[in-house]
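Colleague: mind folding the following:
(2 chains)
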Amino acid sequence: MSSEPLEPPTGGDLVYRQRRPVRAWHWLNAFTVIVMLMSGLMIFNAHPQLYWGQYGANHEAPWLEIGSADGRGYLQLGPVTLPTTGVLGQVGGQEIAFPPLVTIPTSYDLATARAWHFFFAWLLVVPGLLFWAWGIATRHVQNDLAPTPEELRPRNLWQDIKDHARLRFHGGEKARRYNVLQKLSYVGVIFGLLPAMVLTGLTMSPDIDAAWPWLLDLFGGRQSARSIHFICAALLVAFILVHLLMVVLAGPFNELRSIITGWYRLPKERAE
Amino acid sequence: MTLLTRRGLIGSIGAGAGGLLLSGCDKIVAAPKVRDVIGLGEGLTMRAQRLVTDRTALAREFTASDMSPVFRTNGNTMPESDAYQAHMTDNFANWRLVIDGMVRRPAALSLAQIKAMPTRTQITRHDCVEGWSAIGKWTGLPLKLALDAVGVLPSARYIVFHCADDFDGDPYYESIDLIDAFHPQTILAWAMNDQPLSVRHGAPLRLRVERQLGYKQAKYVMRIEAVDSLQRIGAGKGGYWEDSADYQWYAGI
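Modeller: Numbers count the residues shown, from 1 in each chain, chains lettered A, B, ... in the order given. Here you go, the predicted model:
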């Protein structure tokens, strides 16, 4: 890291913002999470119904179902059924819950999807645990990710929500640090969604259930765990979409440079 | 008009790029080297799971009120062979379970003999590889007792279950290692939900190996063979689905 300027940096200055482990883990995950999502959708296609509780199969009523009837695809969510022909359930004359465009592999192959899902699970879990350890040891988590009590005050949160809605992003010295909504979403993904994905995934393993039966109690059964696994995957997709949208809105060149090289040009202070 | 053409052009470029991307992805997925690398995950997962699981850790046992009202059937529900049909007709009176291979005293046990041996009853969850689960009650002979009776040779490493059903002439079979074979919940079930095991669920005898997925729960078991290698059986991958659709031999996840 090069020497800091003596004066605090201001808008227009290039600052070192993303350390190497952050950048490496980001790009590994960008790849791993997408492979896991796509192979996961193929696994879901094998039984495109979700249930609550310990058991659930064709004789039980699912709370979510993607299906096809009379050549028309549908998504059933509780009491609501939505037509989804061409997107879900029935795509290109084929009866399939999630279409080939979003699954690994593209044609129905549960065994291969499972092989990919469980291989990439290792790439998610092991570097993830290393990142946690590094983040806590170097105080990256405490200093950069954890919101301060001041930031968490409702007035501040509301202000940040309004700023985001108006696309008024921080400039100058303030932009060196993540804003509170950013912090909350990153902490939510790193310490909430990702561990929830892994633990609900493990709860679907009959062998892990024997070793760690508390998982079944934590999530309310294997079928509930499968449902929560799917909901968390959907939230992860939502995070990725918003994350990409924010990158585009905040200036894709500068944002990409900072997550590739670490260097970020502070936006100019906004004239109020 | 121009707009339509332009949109059509963009659409076809998009579809073409999408198609290229899809076929490219499938080529990567199907490449033998990629399959080999991805396949390493199975062994890693099995070893890691075995590391954190006590050999005798029991699958959760449920109470009668937790049971599925209807237990879904899956796979074959009616073996077609003449031999099986004949056994079914005389209510399995002449049926024998053969236990052989790498054992000291090969045996052929009648259903009455098996039912006269000690039993274990367990209400457990059945998990299909596809994702669904059903909870049922199983009663049968602990496999360990059957294996102890015939004396498994020290050189044996796997127990193979040969079944009466087939898919287009390929007989169903499955295999487990000795850790699961001697596990207290691994039983040869002859009753389900307090009734004699139905044909749809695998009569007269079905394997229950509770820490693995549904395709390991071989139905219509006719012969149990102790072997030192799975290479010479079927296509050598340890089970019908392993051979025919590349399902993982280790079905604990």
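
Colleague: so which residues of the chain form strands?
Modeller: Let's take chain A. A:14-16, A:49-50, A:64-69, A:72-77, A:80-83, A:89-91, A:94-96, A:263-265 (DSSP state E).

Colleague: chain B was what I was after
Modeller: According to DSSP E, the strands that chain B contains are B:96-101, B:107-110, B:120-127, B:133-142, B:158-167, B:170-177, B:187-192, B:195-196, B:206-208, B:221-227.

Colleague: I'd like the ones you listed as a markdown table, with distance to chain A appended.
Modeller: The way it works is simple: take the backbone N, C-alpha and C, and place the C-beta from them, glycine included. Output for the strands of chain B, formatted as a markdown table (distance: least, C-beta to the nearest C-beta, whole Å):
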| stretch | distance to chain A |
| --- | --- |
| strand B:96-101 | 25 |
| strand B:107-110 | 28 |
| strand B:120-127 | 5 |
| strand B:133-142 | 5 |
| strand B:158-167 | 15 |
| strand B:170-177 | 12 |
| strand B:187-192 | 15 |
| strand B:195-196 | 17 |
| strand B:206-208 | 12 |
| strand B:221-227 | 20 |
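
Colleague: got TSV for those, with mean neighbour count, distance to residue A:45 and mean pLDDT too?
Modeller: Shown next, in TSV, are these (neighbours: other C-beta atoms under 10 Å in any protein chain shown; distance: least, C-beta to C-beta, whole Å; pLDDT from 0 to 100):
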stretch	mean neighbour count	distance to residue A:45	mean pLDDT
strand B:96-101	18	38	98
strand B:107-110	16	42	98
strand B:120-127	20	17	98
strand B:133-142	23	18	98
strand B:158-167	21	21	98
strand B:170-177	21	24	98
strand B:187-192	23	29	98
strand B:195-196	12	34	98
strand B:206-208	24	28	98
strand B:221-227	21	31	98
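
Colleague: nearest to residue A:52, out of those?
Modeller: strand B:133-142 (11.8 Å; C-beta to C-beta).

Colleague: what are the contacting residues of the closest one?
Modeller: A:54-57, A:222-223, B:62, B:64, B:66-68, B:71-72, B:114, B:117-127, B:184, B:186-194, B:205-206, B:208 (C-beta atoms under 8 Å, 6 or more residues apart in numbering or on different chains).

Colleague: how about the residues of the stretch 51-200 of chain A by chain B?
Modeller: Contact residues, the stretch 51-200 of chain A versus chain B (C-beta under 8 Å from any C-beta of the partner chain): A:51, A:54-60, A:100-101, A:104-107, A:110-112, A:114-116, A:118-119, A:121-122.

Colleague: please repeat the previous calculation with a cut-off of 7 Å.
Modeller: A:54-59, A:100-101, A:104-106, A:110-112, A:114-116, A:118-119, A:122 (C-beta under 7 Å from any C-beta of the partner chain).

Colleague: helices - which of the residues you listed land there?
Modeller: A:110-112, A:114-116, A:118-119, A:122 (DSSP state H).

Colleague: need these in CSV (columns: distance to residue B:89 and pLDDT).
Modeller: Below are those laid out as CSV (distance: C-beta to C-beta, whole Å; pLDDT from 0 to 100):
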residue, distance to residue B:89, pLDDT
A:110, 36, 97
A:111, 37, 97
A:112, 42, 97
A:114, 40, 97
A:115, 43, 97
A:116, 46, 97
A:118, 44, 97
A:119, 48, 97
A:122, 51, 97
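
Colleague: of those residues, keep whichever come out buried.
Modeller: Neighbour counting by 16 or more other C-beta atoms under 10 Å in any protein chain shown classes A:110-112, A:114-116, A:118-119 among those as buried.

Colleague: which one of the strands of chain B lies nearest to residue A:135?
Modeller: strand B:120-127 (35.0 Å).

Colleague: which helices and strands does that closest one pack with?
Modeller: Judged by 3 or more C-beta pairs under 7 Å, 6 or more residues apart in numbering or on different chains; DSSP states H and E, strand B:120-127 is in contact with strand B:133-142.

Colleague: could you figure out how far the strand it packs on is turned away from strand B:120-127?
Modeller: 150 degrees (axes from the mean of the first three to the mean of the last three C-alpha atoms, to 10 degrees).

Colleague: for residue A:134, list the residues it contacts.
Modeller: residue A:21 (C-beta atoms under 7 Å, 6 or more residues apart in numbering or on different chains).

Colleague: residues making contact with stretch A:176-194?
Modeller: With contact meaning C-beta under 7 Å, 6+ apart, stretch A:176-194 is reached by A:9, A:15, A:17, A:128, A:144-147, A:151, A:156-157, A:160-161, A:164, A:170, A:232, A:235-236, A:239, A:266.

Colleague: how many residues are close by residue A:248?
Modeller: Counted by other C-beta atoms under 10 Å in any protein chain shown, the residues lying close to residue A:248 total 9.

Colleague: please name the nearest non-neighbouring residue to residue B:121.
Modeller: Nearest-residue entry for residue B:121: residue B:139, 4.4 Å, with adjacent residues in sequence omitted and distances by C-beta to C-beta, 6 or more residues apart in numbering or on different chains.

Colleague: run through the bridge partners of that neighbour.
Modeller: Assessed by DSSP bridges, residue B:139 has beta-bridge partners residue B:121, residue B:191.

Colleague: who's in contact with the residue of the stretch 151-272 of chain A found nearest chain B?
Modeller: Closest to chain B within the stretch 151-272 of chain A is residue A:207: 3.3 Å, counting by C-beta to the nearest C-beta. Residue A:207 is in contact with B:49, B:53, B:211, B:252-253, counting by C-beta under 7 Å, 6+ apart.

Colleague: if you set the cut-off to 10 Å instead, what comes out?
Modeller: Residue A:207 sits next to B:45-46, B:49-50, B:52-53, B:57, B:59, B:180, B:210-213, B:250-253 when contact means C-beta atoms under 10 Å, 6 or more residues apart in numbering or on different chains.

Colleague: which of those are buried?
Modeller: Buried among those by 16+ other C-beta under 10 Å: B:45-46, B:49-50, B:53, B:57, B:59, B:180, B:210-213, B:250-253.

Colleague: can you narrow these to ones near chain A?
Modeller: B:45-46, B:49-50, B:53, B:57, B:59, B:180, B:210-213, B:250-253 (C-beta under 10 Å from any C-beta of the partner chain).

Colleague: who touches stretch A:90-100?
Modeller: Taking C-beta under 10 Å, 6+ apart as the rule, stretch A:90-100 contacts A:38, A:40-42, A:44-49, A:65-75, A:83-89, A:101, A:103, A:106-108, B:18, B:22, B:25-26.

Colleague: can you select the buried ones among those for me in PyMOL?
Modeller: Buried residues within the contacts of stretch A:90-100, by 16+ other C-beta under 10 Å, are selected in PyMOL with:
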select buried, (chain A and resi 38+40+41+42+44+45+46+47+48+49+65+66+67+68+73+74+75+84+88+89+103+106) or (chain B and resi 22+25+26)
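
Colleague: can you redo the strands of chain B as TSV with distance to residue A:250?
Modeller: Output for those, formatted as TSV (distance: least, C-beta to C-beta, whole Å):
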stretch	distance to residue A:250
strand B:96-101	67
strand B:107-110	73
strand B:120-127	45
strand B:133-142	45
strand B:158-167	56
strand B:170-177	54
strand B:187-192	60
strand B:195-196	65
strand B:206-208	56
strand B:221-227	62
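
Colleague: to residue B:87, which of the strands of chain A lies closest?
Modeller: So among these, strand A:49-50 is nearest, using C-beta to C-beta, at 35.8 Å.

Colleague: span of stretch B:167-182 from start to end?
Modeller: 29 Å (C-alpha to C-alpha, to the nearest Å).

Colleague: helices along the stretch 101-250 of chain A, start to end?
Modeller: Applying DSSP state H, counting those that start in this stretch to the stretch 101-250 of chain A gives helices spanning A:110-137, A:140, A:154-165, A:180-188, A:194-203, A:206-211, A:214-219, A:222-250.

Colleague: of the ones you listed, flag the one that's most buried.
Modeller: Most buried of the helices of the stretch 101-250 of chain A, by mean neighbour count (mean count of other C-beta atoms under 10 Å in any protein chain shown): helix A:206-211, with a mean of 24.

Colleague: before we move on, the earlier item: pull the most distant pair out of the buried ones among the ones in helices among the residues of the stretch 51-200 of chain A next to chain B.
Modeller: A:110 and A:119 (14.9 Å).
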